[in-house]
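Peer 1: Dropping a prediction and its sequence here:
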Amino acid sequence: MGMGNGVLVMAAIVACLVSIAAATPGIATFYTSYVPSACYGNKPQGVMIAAAGDSLWNNGAVCGKTFTVKCTGPRNPVPHPCTGKSIKVKVVDHCPGCPSTLDLSKEAFAQIANPVAGIINIDYS
């Protein structure tokens with residue numbers, strides 16, 4: 001009888017850990033021209049940056065926010081595009097009508113996936 005309670009406690013602990021590190025699935029693409037940007041005009045913000053797709057843009061409220069992004073798999077026939085790394089990017093721009101949630105700088109995209117893929121599935125938080 002006592003064994004069942006231990007399993008329940010473990011399940012509750014695992015559930016708590018999962019909810020703390022919850023990431024949101026999304027799509028990433030990349031771009032190569034970073035200034036001017038919708039958030040910062042002609043002030044460069046480095047290369048670990050992203051443009052927010054319409055679903056995140058929220059009239060610019062997402063400007064300056066940082067996201068941790070990890071490739072989770074391909075969205076086209078390019079096999080195994082992911083490097084397994086995570087990156088942190090700052091939202092500096094808007095990507096209206098983009099097919100992606102986050103349009104990453106090419107430098108950021110290349111750290112998490114093969115740029116040949118062009119479009120990937122991601123988790124971001």
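Peer 2: Nice, thanks for sending it over.
Peer 1: any weak-confidence spans in the protein?
Peer 2: Along the chain, segments meeting pLDDT under 70 span 1-21.
Peer 1: quick one: the helices in it?
Peer 2: For the chain, the helices defined by DSSP state H occupy 2-20, 54-57, 106-112.
Peer 1: thinking V62 is in contact with L56, fair?
Peer 2: Yes. With contacts counted by CB atoms under 8 Å, V62 reaches L56, the gap being 5.1 Å. Glycine gets a C-beta too; all of them are placed from N, C-alpha and C.
Peer 1: More neighbours: those two, which one.
Peer 2: In this view V62 and L56 are compared by other CB atoms under 10 Å, and L56 has more residues nearby, 22 against 18.
Peer 1: Now do the same contact list for P36.
Peer 2: Counting by CB atoms under 8 Å, 6 or more residues apart in numbering, P36 touches N42.
Peer 1: Quick check: the gap between it and A28.
Peer 2: Per CB to CB, to the nearest Å, P36 is found 22 Å from A28.
Peer 1: Need the nearest residue in space to I27, chain neighbours excluded.
Peer 2: S100 (4.4 Å; CB to CB, 6 or more residues apart in numbering).
Peer 1: contacting residues for that neighbour?
Peer 2: So S100 contacts G26, I27, A28, T29, G53, I119 (CB under 8 Å, 6+ apart).
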